[in-house]
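Enquirer: Give me a model of this one.
(chains A, B and C)
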Amino acid sequence: MNTFTKEERLCSKKSLDLLFSNGSSFLLYPFRVSYLFHDTPAKYPAQIVINVAKKRYKRAVDRNLIKRRTREVYRLQKCNLLYDNLLNKDKLLLLSLQFVGKKIYPYSFIEKKMIAALHKLTSTINANDIETI
RNA sequence: AAUGCAAGCUGUUCUAUCGUUUGAAUUUCGAUUCAAGAGGAAAGUCCGGGCAACAUAGAGCAAUUCGCUUCCUAACGGGAAGGGGUUUAGGGAUGAAUACCUAAAUUACGGAAUAGUGCCACAGAAAAUAUACCGCCACAACUUGUUUGGGGUAAGGGUGAAAACGUGAGGUAAGCGCUCACGAUUGUAUAAAGCGAUUUAUACUUUGGUAAACCCCGAGUGUUGAAAAACCAAAUAGGCUAACGCAUGUAGGGCGGCUCGUUCGAUGUUAGUGGGUAGGUUGUUUGAGGUAAAUGGCAACAUUUAUCCUAGAUUAAUGAUAGAAACCUUUUGUCGUUAAAAAACAAAAGCGUACAGAACCCGGCUUAUAGGCUUGCAUUUUUU
RNA sequence: GCUUUUGUAGUUCAAUGGAUAGAAUGUCAGAUUCCGGUUCUGAUGAUGGGGGUUCGAAUCCCUUCAAAAGCA
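Expert: Next up is the predicted model:
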């Protein structure tokens, strides 16, 4: 259930280019969320990439810490909030989380913000579906 | 004993749940189980190598790096031992200056007697060919004096970071290494000691600084870095090879920047071969490896024997949560004491436990580092 | 991972090894004005940090910190 394997990560260079050139995005501090639907269905309904910029965090230790915390929060929350909404669609969601904060936040803060971000993502997706229908 | 500084060593532990990378085993191919999974600096990228591709036809110039000696090392701008210099402190000599002895710190330390050039602000007469400001000295002149003139003179003055080697004596019109004694400094020759840098003695000889200014001498340096490189790989552009033709080694290109020299060499037709990119595999973790002992060496280090195999990711694993322990800091209480303090014990609080994350691999250097331990130095207090 | 460049007043730039580090602009104070602006006068304020070479360092050398750019 609470897995985070290689199939759930976004590794392909092509799909990354596609996501950053065509995908839509919104900002919910400290995350900048970009997403795009892709037609090739896979084992998991979403692929994610977590991005912490070298310009904002100079030390590799800080970058690793932020990435690990966000990854852990995503791993624990994605089933309840994200996957249930995507199960009835035969599409792959490409997702990118860019961390745009300035300092090192504790785990609880990141957890709260991640839940809010996922809620906003699902609501925007559903709204778009209604519009297209 | 406390505090501070410097150097070296070390670099918190356990349990539960969920998760991750690699390997092995099982498998109903869904997965399950087991094992392993960051450092002393992994950092900075400051040096040196291995490895790989390209280039290999060289010579000269240019550019650039290093620079006491011997040794260690695969190599180094690294390290060890030594020599010289500089600074500081102390010591006992001397008329004084210097030198001498001892200890500590420090040193990018080839060459200014192997050539040449540049620079030395301000101040000062003068900053390197001493154009003599004051002063000193004799000579000449007449206006006979606080005079003028052309000379000699670097002992004294003041300036400066630095003033033509320092101190004393002789000598001199006055002076001057002009001469002498002692001493500093530069090189050469001889002798002795040392592998050598160099040291000591004697003779002769030199006397501003600056080469982290240009430069000279000696020794070196090919370029690019795993985003190197090899292989696998469906469709499509294009490429390569051979033959013929054009041209006759021409335009132009390669050989690090230039010159010489050397080498390739335009467009077309036919035939053959073959695969840029997405992605994957190798490179890639057994190595100038670690640990222990013995031997050699003042030491850096080397040799031998035994033993061990210990991360391998690639949008990038090694984590998150909860609990407990250890240590640290603060507060409170008990004990202790004449009184306080220290020590000890107990309790509570603290998102207190550093610096920091492998990315092809090694050897160094540099920098960062809570707490603990060891050593050295400095300060303060107490006792003798 | 690799390569390279740059650090000077609050800001934009100068300065041949010679130091009182300069200019514009900004800020503050004063004058002018009924008030403000303009103008004039004066003040303010800097060589990223540490060490070395030198008589003397913003400049030369070493080291470190920060910022920026490039390589698919």
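
Enquirer: Of all the residues in the top helix by length along chain A, which ones are buried?
Expert: Secondary structure assigned by DSSP state H gives helix A:107-132 as the longest helix of chain A. Buried positions in helix A:107-132, judged by neighbour count with 16 or more other Cβ atoms under 10 Å: A:Ile110, A:Glu111, A:Lys113, A:Met114, A:Ala117, A:Leu118, A:Leu121, A:Ile125. Heads up, the C-betas are built off the backbone N, CA and C, glycines and all.

Enquirer: any bit of it sitting next to RNA strand B?
Expert: Yes - Helix A:107-132 lies within reach of RNA strand B by Cβ under 7 Å from any atom of the strand, at A:Tyr107.

Enquirer: Which elements pack onto that helix?
Expert: strand A:24-28, strand A:31-38, helix A:60-78, helix A:84-86 (3 or more Cβ pairs under 8 Å, 6 or more residues apart in numbering; DSSP states H and E).
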